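> can you look at this prediction? I've put the sequence above it.
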Amino acid sequence: MKAQAQLAAYELIPDLELDFLDGIHECTAAEAEAVAPAHKRFFPTAEYGPYREWWNSRTDAESGEVVYERFDAVVDAVAAALRANEYDGLIGFSQGGAVAAVVVAMMMHGRFPDLTPLRFAWFQGTFAARHGPATHFFDGLREGPRVLVTTYAEDPFVPPAATRKLAGHFPAAA
């Protein structure tokens, strides 16, 4: 997918440069075993290396809130990448799209005042992060980057309705 995205981007805009951030966590054997069969067929480890992810979710037994393991480390890693490179935009797909969306929402709420404001964001086939302590970042979003939110009608993992719901949080999202 990385090669396809790079080729498509080059054909559209010859001066475009894309950097790809991998999920910060290499899956354990048990986590890799739980990877959906469709993902395993599309991304065989023999070709792409071990599975990586941003976070795992669980429901807190006491509060009932969804908790994302490693949430703070993930947000900090993306913010560090943004600090190091002054990107024009942030693009994310599936779980990476949820990461990108929450980071953009946090930026729009002033969470990272030291970061260069983004000009655009594109979230594909994703959802609003459900991590209890972070859900409020999607409330009351006003000015920020131009946002494009896209979905695949037959996405077997993220229902298009979840992606449309995410789009509703961002003003004037296309």
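Perfect, I can see it now. Residues are numbered from 1 along each chain as shown.
> for the chain, name the helix or strand with the lowest mean pLDDT.
Ranked by mean pLDDT, DSSP states H and E, the helix or strand of the chain with the weakest confidence is helix 2-12, at a mean of 56.
> pairing partners for the very next helix or strand once past that helix, with directions?
With elements assigned by DSSP states H and E, the helix or strand that comes after helix 2-12 is strand 25-26. With DSSP bridges as the test, strand 25-26 is paired with strand 52-53 (antiparallel).
> would you map the helices across this protein?
Ranges of helices in the chain, per DSSP state H, are 2-12, 29-33, 37-42, 45-48, 71-85, 95-108, 160-167.
> would you turn the ones you listed into JSON lines with mean neighbour count and distance to residue 137?
C-beta coordinates here come from the backbone N, C-alpha and C atoms, glycine included. Listed next are the helices of the chain as JSON lines, based on neighbours: other CB atoms under 10 Å; distance: least, CB to CB, whole Å:
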{"stretch": "helix 2-12", "mean neighbour count": "11", "distance to residue 137": "27"}
{"stretch": "helix 29-33", "mean neighbour count": "11", "distance to residue 137": "26"}
{"stretch": "helix 37-42", "mean neighbour count": "10", "distance to residue 137": "27"}
{"stretch": "helix 45-48", "mean neighbour count": "9", "distance to residue 137": "31"}
{"stretch": "helix 71-85", "mean neighbour count": "16", "distance to residue 137": "10"}
{"stretch": "helix 95-108", "mean neighbour count": "24", "distance to residue 137": "4"}
{"stretch": "helix 160-167", "mean neighbour count": "17", "distance to residue 137": "12"}
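> those helices: which one's closest to residue 19?
helix 71-85 (6.7 Å; CB to CB).
> count of neighbours near residue 123?
29 (other CB atoms under 10 Å).
> sketch out the low-pLDDT regions of this structure for me.
1-15 (pLDDT under 70).
> make it 50
Counting by pLDDT under 50, the chain contains no low-confidence range.
> for the most far-flung residue of it relative to its centre, phi and psi?
What lies farthest from the middle of the chain is residue 62; by CA atoms, centre = their mean that is 27.6 Å. Dihedral angles of residue 62 (phi, psi; degrees, to the nearest 10) stand at phi -80, psi -50.
> check residue 60 too.
phi -70, psi 120.
> in this structure it contacts residue 68, no?
No - checked against CB atoms under 8 Å, the pair residue 60 and residue 68 is beyond contact range at 11.0 Å.
> hey, C-alpha coordinates of stretch 113-123 in PDB?
The C-alpha trace of stretch 113-123 is given here as PDB (Å, rounded to 0.1, in the frame of the first residue of the first chain):
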ATOM      1  CA  PRO A 113       0.900  25.000  20.700                       C
ATOM      2  CA  ASP A 114       4.500  24.500  19.600                       C
ATOM      3  CA  LEU A 115       3.500  22.600  16.500                       C
ATOM      4  CA  THR A 116       3.300  24.300  13.100                       C
ATOM      5  CA  PRO A 117      -0.400  24.400  12.200                       C
ATOM      6  CA  LEU A 118      -1.400  21.800   9.600                       C
ATOM      7  CA  ARG A 119      -2.900  22.900   6.200                       C
ATOM      8  CA  PHE A 120      -4.900  19.700   5.600                       C
ATOM      9  CA  ALA A 121      -5.800  16.400   7.000                       C
ATOM     10  CA  TRP A 122      -7.200  13.300   5.300                       C
ATOM     11  CA  PHE A 123      -8.800  10.500   7.200                       C
END
